[in-house]
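Undergrad: Kindly generate the corresponding structure for this input.
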Amino acid sequence: MASNEKQYWFPAKRYGWGWGLPTVWQGWVVFVIYFVLIFAGAVAVLPNYGAPRFVAYAGALTLLLVAICWVKGERPEWRWGGK
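TA: Got it, this is the predicted structure:
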């Protein structure tokens, strides 16, 4: 019997607003790629182009991560601990 419930990559946080850690492997892949690209930018962009460009680079990656969480995650809303 298959479940009709949508499987989210990023569940909503129990407390507060936003998403928690990934619950499926696809979410973990996105998470790891994000951190690898941030580290690569710190190594390549920061020393060669300076802090302002690195901040822009990291900001763009973070916006991309938030967009992926928005599409593949549970709807974010303020939560007080109950589901």
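Undergrad: need the strands for the chain, in chain order.
TA: In the chain, the strands defined using DSSP state E lie at 15-16, 79-80.
Undergrad: pLDDT (mean, whole number) over the first one?
TA: It refers to strand 15-16. Averaged across strand 15-16, the pLDDT comes to 88.
Undergrad: Give the other helices and strands that it contacts.
TA: Applying 3 or more Cβ pairs under 8 Å, 6 or more residues apart in numbering; DSSP states H and E, one finds that strand 15-16 contacts strand 79-80. C-beta here means a position set from N, CA and C on the backbone, and glycine is covered the same way.
Undergrad: What mean pLDDT does the strand it packs on get?
TA: For strand 79-80, mean pLDDT is 82.
Undergrad: so which of the strands of the chain comes closest to T23?
TA: strand 79-80 (16.0 Å; Cβ to Cβ).
Undergrad: got TSV for the strands of the chain, with distance to P22 and mean neighbour count too?
TA: Shown next, in TSV, are the strands of the chain (distance: least, Cβ to Cβ, whole Å; neighbours: other Cβ atoms under 10 Å):
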stretch	distance to P22	mean neighbour count
strand 15-16	17	10
strand 79-80	18	10
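Undergrad: Throw those strands into TSV and include distance to V43, thanks.
TA: TSV is the format used below for these (distance: least, Cβ to Cβ, whole Å):
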stretch	distance to V43
strand 15-16	32
strand 79-80	37
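Undergrad: closest to N48 out of those?
TA: Comparison of the strands of the chain against N48 by Cβ to Cβ identifies strand 15-16 as nearest, at 36.9 Å.
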